[in-house]
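**Student:** Below are the sequence and a predicted model; questions follow.
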Amino acid sequence: MIPPTRTNLLLSREKIRSVSGSVAILKARRLALIREFLAMSAPFLRSRDEVKGAYGRALARLHLALGHEGEEFVASLEYPTARPLEVEVVERSVMGLSYREIMVAGETVRPPDRRGYDHLSTNPHLEEGIAGFEAILAEMLQVAMFESRMKRIGEEILRGSRRIRVLEERHLPSLRSDVRRIAEYIGERDRESYCRLKQFKQLMVERRRQGTGSEGAAPPSE
């Protein structure tokens, strides 16, 4: 409990203004992050739906290719088509919030003549299936980028909401209670001082009257 002085009253009021300003800034930042989160939600959901649709189409093409070429031939393409995919993690920031984003250094979807085998000896179903799975890989990397960013923004929104709740539900009520207690104490002390001053003035007036009355009285006879 802080001492009920005028200095502490002014300091407490200044703290209330400072905390209220911090709450306003946190709310504005949280609102901006929520808008960013909602703006990313639609592309994220759309990317996931596109991956699901592309996976179904690529799987259908692969089954047709297995029927035409045979399982052994399709499995033999695993080693020549294998390749390292360079992924770079880049630091980004939005509204002062840092997060990591995935960037692909090389090409994800390759033309048929860069897949490491003779594409002229295969059927179109197999080529479309391979291209479909490579496109799925690109979409999945895009989904991972959105998901990482949305997760970071979502965590910051929750953290900011907790800070706002603590400031509004704990610090501000405590400061306002201190201000009210100090103001009541100072007000009561001022009223007591006013009453004492008024009594002192009345006492001085009465003494002056008594002194004036004694001076104007007749002297006693001898």
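**Tutor:** Now that the structure is in, tell me what you want to look at. Numbering: from 1, shown residues only.

**Student:** Tell me how many other residues crowd residue 202.
**Tutor:** Here the number of neighbours of residue 202 (other Cβ atoms under 10 Å) works out to 10. (Each C-beta comes from the backbone N, C-alpha and C, glycine too.)

**Student:** What distance do you get for it to residue 211?
**Tutor:** 15 Å (Cβ to Cβ, to the nearest Å).

**Student:** cool, residue 60 as well?
**Tutor:** To residue 211, residue 60 is 118 Å away according to Cβ to Cβ.

**Student:** Neighbour count: these two, which is higher?
**Tutor:** residue 60 (14 against 9).

**Student:** Which helix or which strand is home to that one?
**Tutor:** helix 6-69 (DSSP states H and E).

**Student:** packing partners for that helix?
**Tutor:** Under the contact criterion of 3 or more Cβ pairs under 8 Å, 6 or more residues apart in numbering; DSSP states H and E, helix 6-69 touches helix 71-76, helix 124-166, helix 172-215.

**Student:** Just put those in CSV and tack on distance to residue 117 and mean pLDDT.
**Tutor:** Listed next are the helices and strands packed on helix 6-69 as CSV, based on distance: least, Cβ to Cβ, whole Å; pLDDT from 0 to 100:
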stretch, distance to residue 117, mean pLDDT
helix 71-76, 9, 76
helix 124-166, 10, 84
helix 172-215, 69, 82
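
**Student:** Please identify the most buried of those.
**Tutor:** Greatest average neighbour count among the helices and strands packed on helix 6-69 goes to helix 124-166 (a mean of 17), per mean count of other Cβ atoms under 10 Å.

**Student:** ok and that helix relative to helix 6-69, angle-wise?
**Tutor:** Helix 124-166 and helix 6-69 are oriented at 170 degrees to each other (axes from the mean of the first three to the mean of the last three Cα atoms, to 10 degrees).

**Student:** what's helix 124-166 packed up against?
**Tutor:** Judged by 3+ Cβ pairs under 8 Å, 6+ apart, helix 124-166 is in contact with helix 6-69, strand 87-94, strand 97-104.

**Student:** What's the mean pLDDT across the second one?
**Tutor:** Strand 87-94 shows an average pLDDT of 76 in the prediction.

**Student:** Name the residues of it that are buried.
**Tutor:** Neighbour-count burial for strand 87-94, counted by 16 or more other Cβ atoms under 10 Å, picks out no residue.

**Student:** Adjust the sequence numbering to begin at 571 for everything that follows.
**Tutor:** Yes, from this point I'll number from 571; that puts the last item at strand 657-664.

**Student:** Just give me how far it sits from the chain centre.
**Tutor:** Strand 657-664 sits 19 Å away from the centroid of its parent chain (Cα atoms, centre = their mean, to the nearest Å).
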